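J.: heads up, no residue letters with this:
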């Protein structure tokens, strides 16, 4: 699914093959606001019109339009991870919230450095055993790192 963006809102962009139209809805709010167009080129225009209409309708109803994200969400972790994060926040003199923000920012925006160490041993008759270590570091995206299985 493609995502349309306008002001502080995101909208879906899909094709309804049965009706032969492009359609979507404003995402991440509880109110249901949909839009459609006869071709993909017009879908962004209809999305923007739907957002503007939603904001105007909320004004007429004397209520605040919903915002897609409040900046708050619940995170469920093991008690051990919760404890470790809290202890770390005390060690570095910051809040648990700041620890979580830093962890999310590192996961989403910083590349990971992956160290590869390979040790192999060659044993031959009549020769001393030879052990070699090969090391390499690479920069990887987190999404690539998360796909590595141990």
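T.: It's in. Predicted model only: the values in this text are computed from it and were never measured.
J.: and the helices in the protein?
T.: 40-60, 79-91, 96-109, 142-145 (DSSP state H).
J.: comparing those by mean pLDDT, which bottoms out?
T.: The weakest mean pLDDT among those belongs to helix 142-145, with a mean of 48.
J.: which residue is nearest the centroid of this structure?
T.: For the chain, residue 108 is the residue whose C-alpha lies nearest the centre (C-alpha atoms, centre = their mean; 6.5 Å).
J.: I'd like the distance between that residue and residue 100.
T.: To residue 100, residue 108 is 12 Å away according to C-beta to C-beta, to the nearest Å. All C-beta spots, glycine's among them, are computed from the backbone N, C-alpha and C.
J.: same check, this time on residue 25
T.: For residue 25 relative to residue 100 (C-beta to C-beta), the value is 30 Å.
J.: domains in this structure, by residue range?
T.: What automatic domain parsing lists as the domains of the chain is 2-60, 79-109, 112-145.
J.: return the most buried member of those domains.
T.: Neighbour counts (mean count of other C-beta atoms under 10 Å) averaged over each of the domains of the chain peak at domain 2-60, with a mean of 15.
J.: now do the end-to-end distance for it.
T.: End-to-end distance for domain 2-60: 31 Å, by C-alpha to C-alpha, to the nearest Å.
J.: and it, how far out from the chain middle?
T.: Offset of domain 2-60 from its chain centre (C-alpha atoms, centre = their mean, to the nearest Å): 22 Å.
J.: follow-up on the earlier one: just send the helices of the chain back as a markdown table, with distance to residue 129 too.
T.: Below are those laid out as a markdown table (distance: least, C-beta to C-beta, whole Å):
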| stretch | distance to residue 129 |
| --- | --- |
| helix 40-60 | 65 |
| helix 79-91 | 41 |
| helix 96-109 | 42 |
| helix 142-145 | 34 |
